[in-house]
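Undergrad: sequence first, then the predicted structure, then my questions.
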Amino acid sequence: MDTQFSPNKTRKLTGAQAIVECMKIEGVTNVFCVPGESYLPVLDALYDETSINVISARHEGGAAFMAEGYAKSSLKPGIVLATRGVGAANLSIGVHTAYQDSTPMVVFLGQVHSRFRGREGFQEVDLDRYFQHIAKWAVEVHDPERMPEIVQRAFRLAQTGRPGPVVVSLPEDVLPVAVDMHFGPKTTKPAPTPSKEEVKRIESVLMEAHHPLIIAGGGVKSAQAEGSLFAFAEKNQIPVAAAFRRHDVFPNDHQLYIGHLGLGLNRKVLQTVEEADVILALGTRLSEVTTQDYKIIDSSKRLVHIDIDYETIGKVYAPEIGVVADLNQALKSFIDIDVTASWNAWVKERRSAYESISRLTVSEDDVINKHIIAMLERKLPKNALLTNDAGNFAGWLHAFYPFINKHTYVGPTSGAMGYGMPAALGAKLAFPEKQVVSLSGDGGFMMTAQELETAVRNNIPVISLVFNNNMYGTIRMHQEMHYPEKVMATDLGAVSFAKLANSVGADGFVANTLGEFESALDHALESQKPTVIEIITDKEQISVSSTIGQIRERSTK
């Protein structure tokens with residue numbers, strides 16, 4: 001393929017070559033896949049394009065999580081390729097994760113031959129209908145000459161407005177046909193700015209506030225507006241809470257940071273939100289978890305909601321002021337807002353409340369989980385990037401690890417298990433210079449453990465921590481809360497994750513004590529090889545706040 005081809009010119013290419021050309025125009029450098037015969041022409045076209053690295057995964061779900069982690073880290077579209085109904089079904093949880101996390105992703109799926117459509121052909125699924133509820137757009141290409149138009153629209157939709165996944169279905173007969181193709185320019189993302197009248201109204205609300213609070217979400221990160229948020233919050237001394245799993249949106253060690261609105265929310269953080277009379281919701285969809293089952297915002301609070309997507313505003317709560325804007329542009333337009341902060345004493349009080357529950361001081365009475373987090377904080381570089389899977393083990397990370405710099409955290413707001421380690425591989429490809437560490441439970445890690453071989457084969461040196469208590473801990477916790485002592489389906493058998501790592505060429509260690517963990521971590525930081533550290537944890541300490549015994553006692557009263 002001619003790498004000198006420029007947009008806005010017509011050239012004869014196959015449908016598959018046109019897809020790769022669109023990738024080049026958008027600056028794609030990494031593609032994740034599981035190969036399939038239905039899209040072999042695309043793989044062939046990628047073979048001829050040296051500027052794009054193809055990472056072949058062991059499972060489509062792993063490939064999708066890699067692409068999502070890459071996109072969330074790089075702020076560029078994650079690209080996934082898979083085959084027909086079986087591959088599509090396997091990666092669908094990654095598409096759903098990208099949708100709920102507002103992550104740009106373009107998914108290319110091979111499809112059966114057009115002549116076989118509607119006949120229940122081999123592995124046939126109506127892919128555009130299958131994905132339409134969990135993707136921004138799902139489309140099937142029927143005409144080869146429309147390939148550039150549709151694929152470039154897919155890239156544009158994935159990246160603009162509220163980012164998200166787009167799915168393109170590719171009948172195998174469309175891919176090898178060569179026709180004249182016309183390409184447009186690279187996607188330019190619009191960055192709308194609030195009107196002067198909207199800025200004045202927001203200033204008026206803040207001037208009447210007694211306890212204002214910012215809830216900062218992923219839209220701040222997508223707009224690369226962390227610096228603008230910092231400047232606005234500092235100038236007006238407005239405290240900041242991070243939306244669910246957006247920890248790195250604001251420095252956790254700053255005196256204006258008052259906590260993370262996540263699962264198992266501590267009462268002291270919840271009290272801060274309850275006492276707020278004005279809430280500035282910035283780039284957040286005010287999800288179920290962030291709002292604690294849609295309960296923390298009520299009619300007593302004045303809500304200002306700013307988001308890039310007009311459908312997000314008012315979807316959960318009707319705001320007093322709703323503004324469709326890019327968060328970086330919006331926060332820059334607030335530079336002239338100047339309110340006299342009468343709430344400094346309240347901010348200091350709420351920061352102290354947060355510090356009282358998030359201190360990383362540890363004692364012999366603390367479980368190994370907290371000691372692990374404290375050691376990570378001491379030993380990891382300040383710009384290290386952490387990913388996590390779904391599970392109670394993450395409670396210690398969320399409660400105690402201080403995220404100081406931007407682009408240092410990647411986690412699934414969808415709560416998908418199996419996410420942590422594959423997402424770390426994608427994040428490491430986005431930031432090769434960073435130390436990347438994933439945290440998983442034994443249940444979630446086993447769901448995508450095969451991608452360790454992908455890490456070894458592609459020399460992607462991530463450190464994977466597996467907190468092993470031989471059970472599905474989160475579900476066991478809820479089971480004990482609702483049906484105490486009736487344990488069913490949540491116990492798991494013994495697996496040596498260290499030996500599993502060794503078997504695919506990665507380094508593997510078992511840590512029964514903090515000293516063993518420290519030795520393994522030091523080795524991993526030095527070796528720069530894919531490494532698994534299996535941490536043996538106590539079943540009884542099922543969450544940050546409770547043991548199984550304590551849950552049973554409360555449940556039977």
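TA: Nice, thanks for sending it over.
Undergrad: give the buried residues for the longest helix that the chain contains.
TA: What stands out as the longest helix in the chain, according to DSSP state H, is helix 84-101. By neighbour count on 16 or more other CB atoms under 10 Å, the buried set for helix 84-101 is 84-85, 87-101. No exception for glycine: its C-beta is placed from N, CA and C like everyone else's.
Undergrad: swap in stretch 464-475?
TA: In stretch 464-475, the ones that count as buried by 16+ other CB under 10 Å are Ser464, Leu465, Val466, Phe467, Asn468, Asn469, Asn470, Met471, Tyr472, Gly473, Thr474.
Undergrad: gap between the two ends of that stretch?
TA: Stretch 464-475 has an end-to-end distance of 22 Å (CA to CA, to the nearest Å).
Undergrad: can you give me the strands for the stretch 201-350 of the chain?
TA: For the stretch 201-350 of the chain, the strands defined by DSSP state E, counting those that start in this stretch occupy 212-216, 240-242, 257-260, 278-282, 302-307, 321-324.
Undergrad: okay, now the unreliable bits of this protein?
TA: Along the chain, the model assigns pLDDT under 70 to residues 1-9.
Undergrad: got the domain ranges for it?
TA: 10-182, 196-357, 359-555 (automatic domain parsing).
Undergrad: right, so the ones you listed: which one is the most enclosed?
TA: The highest mean neighbour count among those, using mean count of other CB atoms under 10 Å, belongs to domain 10-182: a mean of 22.
Undergrad: Ile238 against Tyr257, yeah?
TA: No - Ile238 lies out of contact with Tyr257 (CB atoms under 8 Å); the separation is 11.2 Å.
Undergrad: re earlier: wait, which of the domains of the chain is closest to Pro190?
TA: domain 10-182 (6.2 Å; CB to CB).
Undergrad: hang on, the earlier thing: CSV for the strands of the stretch 201-350 of the chain, including distance to Gln152?
TA: Converted to CSV, the strands of the stretch 201-350 of the chain look like this (distance: least, CB to CB, whole Å):
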stretch, distance to Gln152
strand 212-216, 32
strand 240-242, 35
strand 257-260, 38
strand 278-282, 30
strand 302-307, 25
strand 321-324, 24
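Undergrad: what ranges does the stretch 451-557 of the chain have for its strands?
TA: Under DSSP E, counting those that start in this stretch, the stretch 451-557 of the chain gives strands at 463-468, 507-511, 531-536.
Undergrad: between strand 531-536 and the shortest one, find me the angle.
TA: Interaxial angle of strand 507-511 relative to strand 531-536 (axes from the mean of the first three to the mean of the last three CA atoms, to 10 degrees): 20 degrees.
Undergrad: counting by contacts, list what the longest helix of the chain packs against.
TA: For helix 84-101, the packing partners by 3 or more CB pairs under 8 Å, 6 or more residues apart in numbering; DSSP states H and E come out as helix 60-74, strand 78-83, strand 105-111, helix 127-131, strand 165-171.
Undergrad: if we use 6 Å, what do you get?
TA: helix 60-74, strand 105-111, strand 165-171 (3 or more CB pairs under 6 Å, 6 or more residues apart in numbering; DSSP states H and E).
Undergrad: contact partners of that helix?
TA: For helix 84-101, the surrounding residues in contact (CB atoms under 6 Å, 6 or more residues apart in numbering) are 34, 36, 38, 60-61, 64-65, 68, 82, 105, 109-110, 123, 125, 127, 134-135, 164-165, 412-414, 416.
Undergrad: once you drop chain neighbours, what's closest to Ile306?
TA: Val323 (4.5 Å; CB to CB, 6 or more residues apart in numbering).
Undergrad: same question, Asn512
TA: Using CB to CB, 6+ apart, the closest residue to Asn512 is Ile536 (4.9 Å).
Undergrad: ok, Leu286 next?
TA: Nearest to Leu286 is Val316, by CB to CB, 6+ apart, at 4.7 Å.
Undergrad: and the one you found, how far from Glu377?
TA: 34 Å (CB to CB, to the nearest Å).
Undergrad: kindly report the same for Thr29.
TA: 32 Å.
Undergrad: how about the strands of the stretch 451-557 of the chain in a markdown table, adding distance to Leu397?
TA: As requested, the strands of the stretch 451-557 of the chain are exported to a markdown table (distance: least, CB to CB, whole Å):
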| stretch | distance to Leu397 |
| --- | --- |
| strand 463-468 | 10 |
| strand 507-511 | 16 |
| strand 531-536 | 13 |
